[in-house]
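Asks: how does the following fold in three dimensions:
(one chain, ligands or ions: 2)
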Amino acid sequence: MAVSLHHLTFFFPVLCPLSPKSRYWSLRSSVSRTELHGATRKPNPRAIMAFASNKDNQEAVLQPGERLYLGMDFGTSGARYALIDKHGTIHSEGKREYPLYMNGETMDWIQSWKTTIFSLLKDVPVHFRPLVASISIDGTSATTIIVDGTTGEPLWRPFLYNESCPDALPMVKSIAPVNHTVCSGSSTLCKLVSWWNAEDSNKKSALLLHQADWLLWLLHGKLGVSDYNNALKVGYDPEVDSYPPWLLAQPYSQVLPSVTAPGTSIGFLKEDIRTQFGFREDCVVCTGTTDSIAAFLAARATHPGKAVTSLGSTLAIKLLSTKRIEDARFGVYSHRLDDKWLVGGASNTGGAVLRELFTDEQLDKLSKQINPTEASPLEYYPLKAVGERFPVADPNLAPRLHPRPESDVEYLHGILESIARIEAKAYSLLKDMGATQAEEVFTAGGGAKNEKWIKIRERVLGLPVSRAMQTEAAFGAALLALKGAQQSIN
Ligand SMILES: Nc1ncnc2c1ncn2[C@@H]1O[C@H](COP(=O)(O)OP(=O)(O)O)[C@@H](O)[C@H]1O
Ligand SMILES: O=C(CO)[C@H](O)[C@H](O)COP(=O)(O)O
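Replies: Numbering: from 1, shown residues only. Ligands and ions are numbered 1, 2, ... in the order given. Below is the predicted model of the structure:
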């Protein structure tokens, strides 16, 4: 039975200052102040989330021999790292945008992600590296890489998280239970079947990895390992901890990775990387998760009814529920978290639409002029391109961002309010499907900094909405590294 995330939790509220994020990359050794807040006992060494508060602004002090835990988040528009201690204090964090590598007209994401992971390792301050006990990574969900099972080299371009392969849908629907999570064009299984059916696919020694799995392989060198969050959309059943018979009966099941719980230690950091960067030989690399699960972990919402909306490039919703629900017609699925379920989905609306229209500075300036108590009369469906995953799974849903008013303030207000209406529709759908009703929403991602948007969302959702104490998924990945550091190598 996989070690659970929540069985080991041990809570002290942490109030770590969040570092301001520059547009390109910000590298700082942010030393947040900690003091173990009112602890009456030594923190449980197996705790995942022992937090301290920065009650009286003391400098964070690393005790002699104390170790650090490195989380990396490979999101849609960039990657970040967070370096924490066992109390959840952030000792360093940084961000990199993905460098552009082009193969003719197409982006070479493999080269970009590979460059970025080693750039982030370089950004970890040299004096902290020998203290790093473990590393974990979250990536965008259903981002799929088919690699050579012996060399790990990609055999095909990656399928990105929001890419759809409708050609494979009839075949997938013919083998999976009705409305199963994989019955969506953007599912990992549809991407696998689409590749398998391509005439020049080299099936012999192929292996399927998710973005986080492949990045972690670069660090630990053990091919073919995934986690039950990333593997959900290829058809893995986290409730029974196995692939279902209907999937194992398929010829392409031979390419599926093995699956374990997020935050499971898989192997030591490869020697060449350790020596190049100055990490210790006992530094372990652990399985990861998806970016919106990592954002949920970072927010530390622990009771059913608590939810996290990640306002990143996309809008991803995670509601902690005692009941598992799924229906591909609406893009609804459930990730496992300990003995509960993170129900929700990911819409293609979100920050990526805003970034096409406004810079972060313009968003900041214009948002300040919005009156969040007034409803915008503008009705949009903000999308970058045709196609929506959740709360409706409609590959033909067209963006709607007109009429555009003269005033940019009114235009932005209309877009923020329209995204809030999509969010409200999503939470209402989850309730109608029997999930635990949402009672409070924490906000993660780049949009969490927008106080006016939080107020708009509170009004539209009719729920308390706040910014999570930790809004970065990298913090959640660091918590997984902390969990994995307590385990022996698998
Ligand atoms: N003040 C703001 N208000 C609303 N959205 C913002 C603001 N500042 C940045 N964003 C949005 O945040 C998004 C980036 O969030 P982030 O969590 O880094 O995305 P991802 O991890 O998906 O790449 C961008 O799409 C940007 O438009
Ligand atoms: O939108 C996305 C990229 O940011 C992903 O789809 C997001 O991770 C949601 O997937 P999951 O719910 O499986 O984490």
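Asks: got the residues of the stretch 301-450 of the chain near ligand 1?
Replies: 312-313, 351-352, 354-355, 360, 363-364, 367, 445-447, 449-450 (C-beta under 6 Å from any ligand atom). C-beta here means a position set from N, CA and C on the backbone, and glycine is covered the same way.
Asks: narrow the residues you listed to those that are buried.
Replies: 312-313, 351-352, 354-355, 363, 367, 445-447, 449-450 (16 or more other C-beta atoms under 10 Å).
Asks: center of the chain - which residue?
Replies: Centrality entry for the chain: nearest residue to the mean C-alpha point is Asp291, 0.5 Å, by C-alpha atoms, centre = their mean.
Asks: pop out the phi and psi values for that residue.
Replies: phi -70, psi -40 (degrees, to the nearest 10).
Asks: renumber starting at 855 from here on
Replies: Taking 855 as the first residue, the last one we looked at is Asp1145.
Asks: okay, now the closest residue in space to Pro1318 that isn't next to it in sequence: neighbour count?
Replies: Spatial nearest neighbour of Pro1318, excluding adjacent residues (C-beta to C-beta, 6 or more residues apart in numbering): Glu1294 at 4.9 Å. By the criterion of other C-beta atoms under 10 Å, Glu1294 has 14 neighbours.
Asks: quick check: residues of the stretch 955-1104 of the chain near ligand 2?
Replies: Thr994, Ser995, Tyr1015.
Asks: what is the burial count for the first one?
Replies: Close neighbours of Thr994, defined as other C-beta under 10 Å, add up to 24.
Asks: list the contacts for the residue of the stretch 905-1054 of the chain found nearest ligand 2?
Replies: Taking C-beta to the nearest ligand atom, ligand 2 has its nearest neighbour within the stretch 905-1054 of the chain at Ser995, 3.1 Å off. Taking C-beta atoms under 8 Å, 6 or more residues apart in numbering, we find Ser995 in contact with Tyr1015, His1064, Asn1083, Asn1084, Leu1086, Lys1087, Thr1144, Asp1145, Ser1146, Ala1200.
Asks: try it again at 7 Å.
Replies: Tyr1015, Asn1084, Lys1087, Thr1144, Ser1146, Ala1200 (C-beta atoms under 7 Å, 6 or more residues apart in numbering).
Asks: mind listing the strands for the stretch 1205-1344 of the chain?
Replies: For the stretch 1205-1344 of the chain, the strands defined by DSSP state E, counting those that start in this stretch occupy 1294-1298, 1319-1321.
Asks: of those strands, which stretch is the most buried?
Replies: Compared across the strands of the stretch 1205-1344 of the chain, strand 1294-1298 shows the largest average neighbour count, a mean of 23 (mean count of other C-beta atoms under 10 Å).
Asks: from the chain's centre, how far out does it sit?
Replies: 15 Å (C-alpha atoms, centre = their mean, to the nearest Å).
Asks: also stretch 927-947?
Replies: Counting by C-alpha atoms, centre = their mean, stretch 927-947 comes out at 12 Å from the chain centroid.
Asks: near ligand 1 at all, that stretch?
Replies: Yes: contact of stretch 927-947 with ligand 1 (C-beta under 6 Å from any ligand atom) involves Gly929, Thr930, Ser931, Gly932.
Asks: nearest spatial neighbour of the first one, chain-adjacent residues omitted?
Replies: If you skip the residues right next to it in sequence, Gly929 has Asp1145 as its closest partner in space, 5.2 Å away by C-beta to C-beta, 6+ apart.
Asks: follow-up on the earlier one: and the furthest pair within the residues of stretch 927-947 next to ligand 1?
Replies: Thr930 and Gly932 (8.0 Å; C-beta to C-beta).
Asks: before we move on, back to that, the contacts of Ser995 in strands, which ones?
Replies: Thr1144, Ala1200 (DSSP state E).
Asks: now pLDDT and neighbour count too, for the contacts of Ser995, in CSV please.
Replies: Converted to CSV, the contacts of Ser995 look like this (pLDDT from 0 to 100; neighbours: other C-beta atoms under 10 Å):
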residue, pLDDT, neighbour count
Tyr1015, 95, 26
Asn1084, 98, 31
Lys1087, 98, 25
Thr1144, 98, 30
Ser1146, 94, 31
Ala1200, 95, 27
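Asks: now the two most distant members of the contacts of Ser995.
Replies: Farthest apart among those - using C-beta to C-beta - are Asn1084 and Ala1200, which lie 13.5 Å from each other.
Asks: low-confidence ranges, the protein, go.
Replies: Scanning the chain for pLDDT under 70 picks out the ranges 855-914, 1342-1344.
Asks: tell me where it has helices.
Replies: For the chain, the helices defined by DSSP state H occupy 963-977, 1023-1029, 1042-1051, 1065-1074, 1099-1102, 1125-1131, 1145-1153, 1205-1211, 1214-1221, 1262-1286, 1305-1315, 1327-1339.
Asks: chain center to the second one, what's the gap?
Replies: So the one you mean is helix 1023-1029. Worked out by C-alpha atoms, centre = their mean, helix 1023-1029 lies 27 Å from the chain centre.
Asks: tally of neighbours for the closest residue to Ser1040 other than its chain neighbours?
Replies: If the residues on either side of it in the chain are set aside, Ser1040 comes closest to Ser1018, at 4.8 Å by C-beta to C-beta, 6+ apart. By the measure other C-beta under 10 Å, the count of residues near Ser1018 is 20.
Asks: Ser1018 and Glu1180, how far apart?
Replies: Counting by C-beta to C-beta, to the nearest Å, the separation of Ser1018 from Glu1180 is 18 Å.
Asks: how about the residues of the stretch 905-1054 of the chain near ligand 1?
Replies: Counting by C-beta under 6 Å from any ligand atom, the stretch 905-1054 of the chain sits next to ligand 1 at Gly929, Thr930, Ser931, Gly932.
Asks: again, 8 Å this time
Replies: Counting by C-beta under 8 Å from any ligand atom, the stretch 905-1054 of the chain comes close to ligand 1 at Asp927, Gly929, Thr930, Ser931, Gly932, Arg934, Thr994.
Asks: got a ChimeraX select line for the buried ones in these?
Replies: Entered in ChimeraX, the line below selects the buried ones among those, by 16+ other C-beta under 10 Å:
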select :927,929,930,932,934,994
